[in-house]
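Trainee: Give me a 3D structure for the following:
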Amino acid sequence: QVQLVESGGGLVQAGGSLRLSCAASGGTISRYVMGWFRQAPGKEREFVASISWNNDNLYYRNSVKGRFTISRDNARNAVFLDMHSLKAEDTAIYYCAVAGSSAELRRDPAYWGQGTQVTVSS
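Mentor: Next up is the predicted model:
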């Protein structure tokens, strides 16, 4: 069973940057679609970004396009989310997820991490 552990969250001022990491163990992620989701207080969890196993297909929610970049390192069994020009509305718990396809990732990922808190002060 794949286990996912996120790290890199924290408190940052608006306009700042953070890099989130997600390390996988218990199995290889090289053939999975990887993604990031987030959940703000009082709101539903929402999709942020995803990346295919071979980096050919990258998707982002509109509000983070041009500011966030998803990447992966299959040799290290890891996926990353570089976040720049952070805004107060980016404040949320960020979760890493794994699925067999992009559609499955959006619908019902096979595995979730425990989340890492990102707080952007304005």
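
Trainee: any idea how far the residue nearest to the spatial centre of the chain is from T69?
Mentor: Nearest residue to the geometric centre of the chain (C-alpha atoms, centre = their mean): W36, 2.3 Å. From W36 over to T69 the distance is 11 Å, taken as C-beta to C-beta, to the nearest Å. Any C-beta I mention is one placed from the backbone N, CA and C, and that applies to glycine too.

Trainee: Now for those two: what residues contact both?
Mentor: L81 (C-beta atoms under 8 Å, 6 or more residues apart in numbering).

Trainee: so the closest residue to D90 other than its chain neighbours bridges to which residues?
Mentor: Distances taken as C-beta to C-beta, 6 or more residues apart in numbering put V120 closest to D90, at 5.2 Å, once the chain neighbours are dropped. Beta-bridge partners of V120, counted by DSSP bridges, are V12.

Trainee: didn't V120 look like it was pressed against S17?
Mentor: No: assessed by C-beta atoms under 8 Å, V120 is found out of contact with S17, at 10.5 Å.

Trainee: Those two: who's more crowded?
Mentor: V120 (20 against 11; other C-beta atoms under 10 Å).

Trainee: which residues touch that one?
Mentor: V120 neighbours (C-beta under 8 Å, 6+ apart): 12-14, 16, 86-91.

Trainee: Which ones among the residues you listed lie within strands?
Mentor: Among the contacts of V120, the members found in strands (DSSP state E) are 12-13.

Trainee: mind putting the contacts of V120 in TSV, distance to E6 and neighbour count included?
Mentor: Converted to TSV, these look like this (distance: C-beta to C-beta, whole Å; neighbours: other C-beta atoms under 10 Å):
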residue	distance to E6	neighbour count
V12	16	17
Q13	21	10
A14	22	14
G16	18	14
L86	17	22
K87	20	14
A88	21	11
E89	20	11
D90	15	22
T91	16	19
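
Trainee: now the contacts of V120 as TSV including pLDDT and distance to P41?
Mentor: Compiled in TSV, the contacts of V120 are given as follows (pLDDT from 0 to 100; distance: C-beta to C-beta, whole Å):
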residue	pLDDT	distance to P41
V12	98	17
Q13	98	19
A14	98	18
G16	98	20
L86	98	17
K87	98	16
A88	97	12
E89	97	12
D90	98	13
T91	98	8
